[in-house]
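Novice: Okay, sequence plus prediction incoming.
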Amino acid sequence: MVTIKSSQKLFTADEVSRLTGICLDHLQSLARSKHLGFIARAAEAAGAQAEEWLFTNSDLMILTVLYPRCQHKSA
């Protein structure tokens, strides 16, 4: 069971990884293959594009129910 604030609508990949126990590598792979989350692109000061995966409450619940915690992830 994952407990979150009802006011929080979006979660970063780091937050989802911490809440679900799925490592970042597996999380990004699952997001791509199962079409979960979305990539937000922000312009950095140096002009480069920064990409960050963002997930909704629904994405978080799907990941929690369908995918087990990574055993290799250090706690």
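Specialist: In hand now; what should we look at?

Novice: any chance you could map the strands in this structure?
Specialist: 10-12, 38-43, 49-56 (DSSP state E).

Novice: Can you say which of the ones you listed is nearest to D25?
Specialist: Of all the strands of the chain, strand 49-56 sits nearest to D25, with 11.9 Å by Cβ to Cβ. From N, CA and C alone the C-beta is placed, and that goes for glycine too.

Novice: How far off centre is the closest one?
Specialist: 9 Å (Cα atoms, centre = their mean, to the nearest Å).

Novice: list the buried ones in that strand?
Specialist: 53-55 (16 or more other Cβ atoms under 10 Å).

Novice: again with stretch 3-20
Specialist: For stretch 3-20, by 16+ other Cβ under 10 Å, it's 11, 13, 16-17, 19-20.

Novice: what's the span of it, first residue to last?
Specialist: Criterion Cα to Cα, to the nearest Å; first-to-last residue distance in stretch 3-20 is 11 Å.

Novice: Name the residues that touch it?
Specialist: Residues lying outside stretch 3-20 but in contact with it, judged by Cβ atoms under 8 Å, 6 or more residues apart in numbering, are 2, 22-24, 27-28, 31, 37, 52-57, 59-60, 63-64, 67, 69.

Novice: Could you list which of these belong to helices?
Specialist: 24, 27-28, 31, 57, 59-60, 63-64 (DSSP state H).

Novice: Grab the most central residue of this protein for me.
Specialist: A13 (3.1 Å; Cα atoms, centre = their mean).

Novice: circling back to that earlier point, from the ones in helices among the contacts of stretch 3-20, which would you call buried?
Specialist: Using 16+ other Cβ under 10 Å, the buried ones in these are 27-28, 31, 59-60, 63-64.

Novice: Looking at these, point me to the pair that's furthest apart.
Specialist: Checking those with Cβ to Cβ, the most distant pair is Q28 and T64, at 16.7 Å.

Novice: which stretches of the protein aren't confidently modelled?
Specialist: 1, 42-50, 73-75 (pLDDT under 70).

Novice: Find the residue closest to R69 in space, skipping its chain neighbours.
Specialist: Nearest residue to R69 in three dimensions, chain neighbours excluded: G21, at 3.2 Å (Cβ to Cβ, 6 or more residues apart in numbering).
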